[in-house]
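Trainee: Here is a sequence together with a model predicted from it:
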Amino acid sequence: MEGRIRSLLLGCFYISLALASNIAHAADLEVEQVSKPVIDPNIERMVFDEAKINPDNFEVIASFGMLSIEDFSTSAVISAKLTYRVSESFFTGVEFGTASAGKSSVEILLPGTTILSDAERDYNYYLISLGYDLFPSEAFVTDGTTLNTALYVVAAAGNTQFAGSDNFTFSWGAGYRITFNNYLTAYFDVRDHVLDLDLFGESKLTNNIEISLGVGYYF
């Protein structure tokens, strides 16, 4: 009888030790979870080199493209721009472009007919422009490099020398810009140069579409 009581007491003692050990282990786990949570609220931010444009900067842009002169064939056009970044969204500048008109539709239909002399075929425009970054965005090239991009709209006014006369010109369009770093950019532009021309004895409002690619340098 005494042996059974002793065995029962020893069994209760061992069970108490096991329960105490489990309770202590559970307490240690709770402390560890508090000190080292499963979800760490301290998120480490990714550091990357962002190419961006700063306000108050000037930019020189050289462009090459094609100009469709109304009533004349499409010609190559080169242009140069000097822009000033007024703010992160607005920019203004001056533009110069030059092209040489090909044959007119009349000259193509009636071979031997001459509408303009060689000098009068020179198409030169001078414009003052104002632009706005309509949809600025970012392009992530690698984990550590991102390029700022923007879809912008632009309007300009100035003068076009063509067909032996000076013609007031209004130009408008849109473009897409990629900023590679703090000083180098690339452009894709589509413009419509609107002006009155008098080639056949009657003034006519013409639309002259220019599509060009450009490279810019900030300083």
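Mentor: Thanks, I have the structure now. Numbering: from 1, shown residues only.
Trainee: In the protein, what residue spans correspond to helices?
Mentor: With DSSP state H applied, the chain shows helices at 2-35, 105-109, listed in chain order.
Trainee: quick one, strands of the protein?
Mentor: 49-51, 58-68, 74-85, 90-100, 122-142, 145-162, 165-179, 184-198, 203-218 (DSSP state E).
Trainee: Can I get these in CSV including mean neighbour count, distance to Ile108 and mean pLDDT?
Mentor: C-beta coordinates here come from the backbone N, C-alpha and C atoms, glycine included. Shown next, in CSV, are these (neighbours: other Cβ atoms under 10 Å; distance: least, Cβ to Cβ, whole Å; pLDDT from 0 to 100):
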stretch, mean neighbour count, distance to Ile108, mean pLDDT
strand 49-51, 14, 47, 52
strand 58-68, 17, 15, 96
strand 74-85, 17, 13, 96
strand 90-100, 18, 16, 96
strand 122-142, 15, 18, 90
strand 145-162, 18, 18, 93
strand 165-179, 17, 23, 95
strand 184-198, 18, 18, 95
strand 203-218, 16, 17, 95
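Trainee: which one of those lies closest to Thr113?
Mentor: Among those, strand 184-198 comes nearest to Thr113, with 17.4 Å by Cβ to Cβ.
Trainee: Centre of the chain to the closest one, how far?
Mentor: 17 Å (Cα atoms, centre = their mean, to the nearest Å).
Trainee: Report all helices and strands that that strand contacts.
Mentor: Helices and strands touching strand 184-198, by 3 or more Cβ pairs under 8 Å, 6 or more residues apart in numbering; DSSP states H and E, are strand 58-68, strand 145-162, strand 165-179, strand 203-218.
Trainee: So the protein: which segments form each domain?
Mentor: Listed domain ranges for the chain are 1-44, 54-218 (source: automatic domain parsing).
Trainee: is it possible to export the helices and strands packed on strand 184-198 to CSV including distance to Leu110?
Mentor: Listed next are the helices and strands packed on strand 184-198 as CSV, based on distance: least, Cβ to Cβ, whole Å:
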stretch, distance to Leu110
strand 58-68, 21
strand 145-162, 21
strand 165-179, 23
strand 203-218, 19
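Trainee: what does stretch 124-140 contact?
Mentor: 50, 81, 83, 88-98, 146-162, 169, 171, 174, 177-178, 193 (Cβ atoms under 8 Å, 6 or more residues apart in numbering).
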